[in-house]
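Engineer: Next input, structure requested:
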Amino acid sequence: MSRSGDAAEAPRPSTVRADYDRVAVVTGADSGIGRATAAALAAQGFDVGITYHRDERGAERTAEEVAEAGGRAAVRRHDLADPPAAAGVVDELADELGGLGVLVNNAGTGSSRPLVDMDYDEWRTVLAVDLDGAFLCAQRAARRMIGRGAGGRIVNVTSVHEEYPLLGAGPYCAAKGGLRMLARVLALELSRYGITVNTVAPGEIATPMTGQEDEPPEPDSRPGYPPARPGDAREVAAAVAFLAGPSASYITGASLFVDGGLGIMGPQAAESLTSARWREG
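Structural biologist: You can find the predicted model right below:
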């Protein structure tokens, strides 16, 4: 018995398991946040399944980083513009690596056109990749985790735009907002199986998606952000890795914003605008 004031180990609820498979699948892991996440999970003892769309060499570099961190890696191409076919890759990677305890839905795409000028095909392509694909991958992963009976983790990488709108990015914002609500519903439905589901919502991160490929965040380059710089992919990966680990067993249905305080700058930033050029996108 511990003395008064000593830290005592909290009992683990029977519905929360820490013995889920040390195998993770990270979609869109050929660069940026996906690559950093794969490396972070490998450093925590995970073997990692890596998916990519076009950049095979990038995926191979990620696999090399996983191996350097001590993990095994498996690589598959998938095209989430065809979500049902692409989701099958989750099972392929799980079979090759011998299980599945963590899914990170990171793959995504965007748009830069006003909604009134957008055709339906462009709208559907973004929704298919960013929302439909994530749903089907999560469904495949959840079924395997339920069958194993040892719990698991699903982490959806969204964006600050799961909450805040952006001109010219209508389908992207709609998909990311939908992905947040998908995570919340899944969190409720999967809680009985010891599976947690959360989202990580990055702000501007220095990655290829923001036109900053292989560039470190430049200090004092973003006066409108509290830290005055973009984020680093490894800062997002650390948040994903935390939610994927056993220490986050009591966190589910949550959105963790990794945005350098960008989201809380709304009124402050709006008061600093000196023209209406923001309306032009």
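Engineer: From now on I want contacts and neighbour counts done on CA atoms only, so please keep to that.
Structural biologist: Will do.
Engineer: So which residues of the stretch 51-200 of the chain form helices?
Structural biologist: Assigned by DSSP state H, counting those that start in this stretch, the helices in the stretch 51-200 of the chain fall at 56-68, 83-97, 120-127, 133-148, 170-190.
Engineer: which one is Gly177 nearest to, not counting chain neighbours?
Structural biologist: In this structure, Gly177 finds its nearest non-sequential neighbour in Glu162, 3.9 Å apart by C-alpha to C-alpha, 6 or more residues apart in numbering.
Engineer: What of Tyr225?
Structural biologist: Once flanking residues are discounted, Tyr225 sits nearest to Leu262: 5.6 Å by C-alpha to C-alpha, 6+ apart.
Engineer: now swap in Ala59 and tell me
Structural biologist: Closest residue to Ala59 apart from its sequence neighbours, by C-alpha to C-alpha, 6+ apart: Asp30 at 4.0 Å.
Engineer: on that earlier part again, shouldn't the residue nearest to Gly177 be in contact with Ala183?
Structural biologist: No. The criterion here is C-alpha atoms under 8 Å, and Glu162 misses it with Ala183 at 11.6 Å.
Engineer: Nearest residue to the middle of the chain?
Structural biologist: With distances taken as C-alpha atoms, centre = their mean, Val157 lies nearest the centre of the chain, 2.2 Å away.
Engineer: Can you name the residues bridging to it?
Structural biologist: The partner list for Val157 in beta bridges (DSSP bridges) reads Val200.
Engineer: can you list contacts of stretch 242-256?
Structural biologist: Contact with stretch 242-256 is made by 16, 18, 102, 153-155, 180, 183-188, 196-201, 239, as judged by C-alpha atoms under 8 Å, 6 or more residues apart in numbering.
Engineer: now stretch 41-50
Structural biologist: Outside stretch 41-50, the residues that touch it by C-alpha under 8 Å, 6+ apart are 22-30, 38, 59, 62-63, 66-67, 69-76, 93-94, 97, 241.
Engineer: rewinding a little: JSON lines please, covering the helices of the stretch 51-200 of the chain and showing mean pLDDT and mean neighbour count.
Structural biologist: Output for the helices of the stretch 51-200 of the chain, formatted as JSON lines (pLDDT from 0 to 100; neighbours: other C-alpha atoms under 10 Å):
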{"stretch": "helix 56-68", "mean pLDDT": "97", "mean neighbour count": "19"}
{"stretch": "helix 83-97", "mean pLDDT": "95", "mean neighbour count": "18"}
{"stretch": "helix 120-127", "mean pLDDT": "96", "mean neighbour count": "17"}
{"stretch": "helix 133-148", "mean pLDDT": "97", "mean neighbour count": "20"}
{"stretch": "helix 170-190", "mean pLDDT": "97", "mean neighbour count": "21"}
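Engineer: how about those in JSON lines, adding distance to Arg234?
Structural biologist: Formatted as JSON lines, the helices of the stretch 51-200 of the chain follow (distance: least, C-alpha to C-alpha, whole Å):
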{"stretch": "helix 56-68", "distance to Arg234": "13"}
{"stretch": "helix 83-97", "distance to Arg234": "24"}
{"stretch": "helix 120-127", "distance to Arg234": "25"}
{"stretch": "helix 133-148", "distance to Arg234": "22"}
{"stretch": "helix 170-190", "distance to Arg234": "21"}
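Engineer: and of these, who's closest to Ala107?
Structural biologist: The closest of the helices of the stretch 51-200 of the chain to Ala107 is helix 133-148. By C-alpha to C-alpha, the value is 8.2 Å.
Engineer: Alpha carbons of that closest one, as CSV, please.
Structural biologist: Provided in CSV are the C-alpha atoms of helix 133-148 (Å, rounded to 0.1, in the frame of the first residue of the first chain):
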residue,chain,number,x,y,z
GLY,A,133,-11.3,6.9,-48.5
ALA,A,134,-10.7,7.7,-44.8
PHE,A,135,-14.0,6.2,-43.9
LEU,A,136,-13.4,2.9,-45.8
CYS,A,137,-9.8,2.6,-44.4
ALA,A,138,-11.1,3.2,-40.9
GLN,A,139,-13.8,0.6,-41.5
ARG,A,140,-11.3,-2.0,-42.6
ALA,A,141,-8.9,-1.2,-39.7
ALA,A,142,-11.7,-1.3,-37.1
ARG,A,143,-13.0,-4.7,-38.3
ARG,A,144,-9.5,-6.2,-37.9
MET,A,145,-9.0,-4.6,-34.5
ILE,A,146,-12.4,-5.8,-33.3
GLY,A,147,-11.6,-9.3,-34.5
ARG,A,148,-8.3,-9.3,-32.7
